[in-house]
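>>> 3D, please:
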Amino acid sequence: MNPADTLREKVCVITGASRTLGAEIARSMARYGAIVVVNYFHSVDAAFALCEELDALGGEGVPFQADISKPDEMTRLLEEVWARYDRIDILVNNVGHFTEKPYLDLPIEEFDTIHETNVRATFVAMQIAGRRMKVRGEGSIVNIAATDAFHRTHTAYGLAKAGVIHLTEGMALELAPEVRVNAIAPDLIADNENMSASLVQSAVGGTPLRRLVTRAEIAEMTCLLCTPAFASVTGQTLVMDGGRSIPRLNVAG
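Numbering: from 1, shown residues only. This is a model prediction of the structure:
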């Protein structure tokens with residue numbers, strides 16, 4: 001059987017799907033034949049252009065505007081999608097603002113934004129879609145976390161991604177056995193234009209596979225987690241970091 005057939009005609013909602021990683025996940029879902037709801041906030045032109053691209057890839061792209069940092073907007077988005085298709089098969093919680101400001105310099109407003117987009121939005125989406133999926137009897141949710149959850153260098157962002165992982169595990173218990181909930185925790189992403197050459201060199205030097213993960217690889221894994229190949233997997237966080245987080249002891253020699 002063609003692996004792409006496993007998600008054909010599945011309705012997939014991706015938050016923040018108009019650009020960067022969200023757009024790459026949308027492309028992979030379309031290659032798998034899914035109907036992809038491309039959520040966007042401001043990037044209307046990018047969202048509509050992406051939807052045309054998804055149609056050409058064999059899936060279907062449908063743009064939906066919503067500011068998912070606001071619970072009422074998230075609710076509207078999911079309810080409109082459900083009303084249109086009478087189901088949501090896959091939910092990908094991709095949106096999440098980033099900061100690396102030290103805690104002592106971090107404004108309260110920015111702290112709130114980090115948690116509104118990473119933790120609260122993920123919670124609201126899983127609660128709304130998860131309830132309906134459970135009643136319907138099936139569904140898959142993938143949350144985009146980050147390896148920042150496991151160290152302390154990106155302050156509030158790492159704190160928020162740790163919250164995403166905690167939510168993933170808790171909701172996996174509550175939504176089982178009908179709905180599976182998993183997370184992906186990438187490390188630095190190779191095709192992130194905002195990284196300096198020195199940061200990339202340092203990260204690659206500390207990575208056993210001697211390269212960084214790509215958006216395309218994360219997108220592919222997101223799709224695979226929603227297929228029957230992972231039917232027995234729930235509540236897990238899959239780390240995609242080329243082995244960089246493996247504990248090692250530096251012995252002087």
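>>> Residue 189 and residue 125: what is the separation?
Applying CB to CB, to the nearest Å, the value for residue 189 to residue 125 is 22 Å. Heads up, the C-betas are built off the backbone N, CA and C, glycines and all.
>>> what about those two, which has more around it?
residue 125 (26 against 20; other CB atoms under 10 Å).
>>> Now do the helix or strand where the more buried one lies, average pLDDT.
Element membership of residue 125, judged by DSSP states H and E, is helix 121-136. Here helix 121-136 scores 98 as its mean pLDDT.
>>> Ok, stretch 99-114 next?
The average pLDDT for stretch 99-114 rounds to 96.
>>> quick one on the thing from earlier: which other residues reach the helix holding residue 125?
13, 15, 68-69, 71, 74-75, 78-79, 82, 87-89, 91, 93, 95-96, 139, 141, 143, 164, 167, 171, 174-175, 178-179, 181 (CB atoms under 8 Å, 6 or more residues apart in numbering).
>>> if you look at those, which of them are in helices?
71, 74-75, 78-79, 82, 164, 167, 171, 174-175 (DSSP state H).
>>> Which of the contacts of helix 121-136 are buried, as a PyMOL select command?
Selecting only the buried entries of the contacts of helix 121-136 in PyMOL, with 16 or more other CB atoms under 10 Å as the criterion:
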select buried, resi 13+15+68+69+71+74+75+78+82+88+89+91+93+95+96+139+141+143+164+167+171+175+179+181
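>>> Can you show me the strands along the stretch 101-250 of the chain?
139-144, 179-186, 237-240 (DSSP state E, counting those that start in this stretch).
>>> In CSV: those, plus mean pLDDT and distance to residue 130.
As requested, the strands of the stretch 101-250 of the chain are exported to CSV (pLDDT from 0 to 100; distance: least, CB to CB, whole Å):
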stretch, mean pLDDT, distance to residue 130
strand 139-144, 98, 7
strand 179-186, 98, 6
strand 237-240, 98, 17
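>>> rewinding a little: with the ones in helices among the contacts of helix 121-136 in mind, which one is nearest to residue 41?
residue 74 (11.5 Å; CB to CB).
>>> ok, the closest one to residue 95 distance?
10 Å.
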